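Colleague: Got a predicted structure here, sequence first:
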Amino acid sequence: MISKKLESELAKVKEGKTEFIAGKADIVTKHMPVFYNPKKEFDRTLSIEILKLIKPQRVLDLLSASGARGIRIAIEVPSIKFIHFNDVNPEAVKLIKQNILLNKISQEKVKISQEEANKLCVNDKDYYDFIDIDPFGSPINFIFNALCRLDKDGILAVTATDTAPLYGVYKMTCFRKYGSYPIKTKFSHEIGLRILAKAVIEIGAKRNISLIPIFAHATMHYYRIYFKTKRSYVNELLKQLGWIYYCPKCKNRFFSSTFHDLCSCGNKLESAGLLYGGNLWDLNLVEKLIKENETSKTLIKFLERVYDEAKVNIPYFYEVDEFKESSPLEILLNKLKKAGFKASRTHFSGKGIKTDASFKQMEEIFKK
């Protein structure tokens, strides 16, 4: 039975087509009796839409907490035949059981365990075609062992909520956890997401597994990436790792897999990396998400923006306020396209422009 203290801090929540019981704390912290973040409803809804297309049958929700994501997957994704909920917190396990009963989910469809995540992955004998890793903080310590349980054609979803190190606030913490150095710039959220992608790809490579990003986003306080597994292509994937270079003087930026010290203007460059410089999105998947989505106009608008930036496929962006320019963003994008450059908005920033034009070229084009 759920403790009386926990029961007083719970409320019924509705997300999508699902109702479940979760924490109602005003401030979300890791010290909640059972962790639940209502601000991640968008993320959970997006994951449901992705899974409807991927059609997994066996799911491991490795760090389930209240079970919010797993319960929604069990109810809203038609292909699901089995889902394993796990959390080391005994109160979380009790709450998951209550949510399963509340939603009348067949006991044959679920398994519930109360184990430390790495221990479970080492000892479990089952394999899953979708594994979700959504911790409070960094996911890195769970990935190597989680790959033991991932089927050969499976999907791994990874969330990081420790965005401050990845964003460049705590550089040594980022290096310690992710093996990369960030820089704090206008486009640091993309740098952080790409450092996370690189760290996961490197862990997969140690097991001779390619973990290829198929969807990613930086939303509010967290980064999330979906990876498709492949038992080849590892070396080719590693060749897409490199550094993003940034010149504080002339504002130029570029990606390279080789070392650079000085900018073409003569100033010393700042660098972030290693990080993943390839496409973070599978264009076919994003296109299908847009065509088949019936969830909300907000989600469709978000997906359309992601699709546009995925087509441009540049691993950094510029913000309008970096230029002495007051024209609307759409006019600036059209100017770049007419000049023969790739150009799109980006989900990373409402003021952001993705383009293969250099900063100097953009300045000249915007003056016209």
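Modeller: Received the coordinates, thanks. These numbers come from a predicted model, not from an experiment.
Colleague: Break down the stretch 101-250 of the chain into its strands, ranges please.
Modeller: 110-113, 128-133, 150-160, 210-219, 222-230, 241-246 (DSSP state E, counting those that start in this stretch).
Colleague: so F302 sits right up against H347, yeah?
Modeller: Yes - using C-beta atoms under 8 Å, F302 is in contact with H347, at 6.2 Å. Any C-beta I mention is one placed from the backbone N, CA and C, and that applies to glycine too.
Colleague: any residues in contact with both of the two?
Modeller: Taking C-beta atoms under 8 Å, 6 or more residues apart in numbering as the criterion, F302 and H347 both touch H217.
Colleague: Which one of these two is surrounded by more residues?
Modeller: The neighbour comparison of F302 against H347 (other C-beta atoms under 10 Å) goes to H347, with 23 against 19.
Colleague: could I get stretch 340-354 in CSV with only the CA atoms?
Modeller: Included here for stretch 340-354 are C-alpha records, laid out as CSV according to Å, rounded to 0.1, in the frame of the first residue of the first chain:
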residue,chain,number,x,y,z
GLY,A,340,21.5,30.5,-53.1
PHE,A,341,22.1,29.5,-49.5
LYS,A,342,20.3,26.9,-47.4
ALA,A,343,18.3,28.6,-44.6
SER,A,344,15.6,27.7,-42.1
ARG,A,345,14.4,28.5,-38.6
THR,A,346,15.4,26.2,-35.7
HIS,A,347,13.6,24.7,-32.7
PHE,A,348,16.6,25.6,-30.6
SER,A,349,15.7,29.3,-30.6
GLY,A,350,12.8,31.5,-31.7
LYS,A,351,15.4,34.0,-33.0
GLY,A,352,17.6,31.3,-34.7
ILE,A,353,18.7,30.9,-38.3
LYS,A,354,20.3,27.7,-39.7
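Colleague: Could you list the buried residues of it?
Modeller: Neighbour-count burial for stretch 340-354 flags 341-349, 352-354 (criterion: 16 or more other C-beta atoms under 10 Å).
Colleague: same question, stretch 228-242
Modeller: Those would be 228-230, 234, 237-238, 240-242, for stretch 228-242 by 16+ other C-beta under 10 Å.
Colleague: how about the buried residues of stretch 340-354, which pair is most distant?
Modeller: The distance between the two most remote of the buried residues of stretch 340-354 (C-beta to C-beta) is 19.8 Å, for F341 and H347.
Colleague: and stretch 181-191, C-alpha only, in CSV?
Modeller: Only the C-alpha atoms of stretch 181-191 are listed here, as CSV (Å, rounded to 0.1, in the frame of the first residue of the first chain):
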residue,chain,number,x,y,z
TYR,A,181,34.3,20.6,-23.6
PRO,A,182,31.4,22.9,-24.3
ILE,A,183,31.4,26.6,-24.9
LYS,A,184,28.9,29.2,-23.8
THR,A,185,27.5,30.9,-26.9
LYS,A,186,24.2,31.9,-28.5
PHE,A,187,24.0,28.3,-29.9
SER,A,188,25.1,26.4,-26.8
HIS,A,189,21.9,24.3,-26.5
GLU,A,190,22.7,22.7,-29.8
ILE,A,191,26.3,22.1,-28.7
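Colleague: all helices of this protein, in order?
Modeller: Along the chain, the stretches classed as helices by DSSP state H are 4-7, 41-54, 68-76, 90-102, 117-123, 140-146, 163-167, 171-178, 188-206, 234-238, 283-292, 297-312, 329-338, 359-367.
Colleague: can these go into TSV with extra columns for mean pLDDT and distance to L275?
Modeller: What follows is those, written out as TSV (pLDDT from 0 to 100; distance: least, C-beta to C-beta, whole Å):
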stretch	mean pLDDT	distance to L275
helix 4-7	58	41
helix 41-54	95	22
helix 68-76	96	27
helix 90-102	93	34
helix 117-123	97	26
helix 140-146	98	14
helix 163-167	96	10
helix 171-178	97	9
helix 188-206	98	4
helix 234-238	96	12
helix 283-292	94	21
helix 297-312	94	17
helix 329-338	95	25
helix 359-367	93	20
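Colleague: what's the closest of the ones you listed to K109?
Modeller: helix 68-76 (6.6 Å).
Colleague: Run through the bridge partners of T355.
Modeller: A343 (DSSP bridges).
Colleague: do W243 as well
Modeller: S256, G273.
Colleague: cool, A216 as well?
Modeller: Under the criterion used (DSSP bridges), A216 bridges to I225.
Colleague: How far away from the center of its chain is stretch 177-188?
Modeller: 16 Å (C-alpha atoms, centre = their mean, to the nearest Å).
Colleague: in that stretch, what's buried?
Modeller: 177-178, 180-183, 185-188.
Colleague: What are the phi and psi values at N37?
Modeller: phi -120, psi 110 (degrees, to the nearest 10).
Colleague: for F323, same thing?
Modeller: phi -110, psi 150.
Colleague: How about the contacts made by the spatially closest residue to N313 that is not a sequence neighbour?
Modeller: Of all residues not flanking N313 in the chain, N279 sits nearest, at 4.9 Å (C-beta to C-beta, 6 or more residues apart in numbering). Applying C-beta under 8 Å, 6+ apart to N279 gives the contacts 213, 310, 313.
Colleague: what about the last one, how many neighbours?
Modeller: Right, the one you point to is N313. The number of residues packed near N313 is 16, by other C-beta under 10 Å.
Colleague: Distance of it relative to G278?
Modeller: Remark: distance between N313 and G278 (C-beta to C-beta, to the nearest Å) = 8 Å.
Colleague: before we move on, what about the second one?
Modeller: Summarising the geometry, the distance separating A310 from G278, computed by C-beta to C-beta, is 11 Å.
Colleague: Looking at those two, which one has more neighbours?
Modeller: A310 (21 against 18).
Colleague: Run through the residues that contact the closest residue to the more buried one other than its chain neighbours.
Modeller: In space, A310 comes closest to W281 once its chain neighbours are excluded; the distance is 3.9 Å by C-beta to C-beta, 6+ apart. W281 sits next to 213-216, 306-307, 310 when contact means C-beta under 8 Å, 6+ apart.
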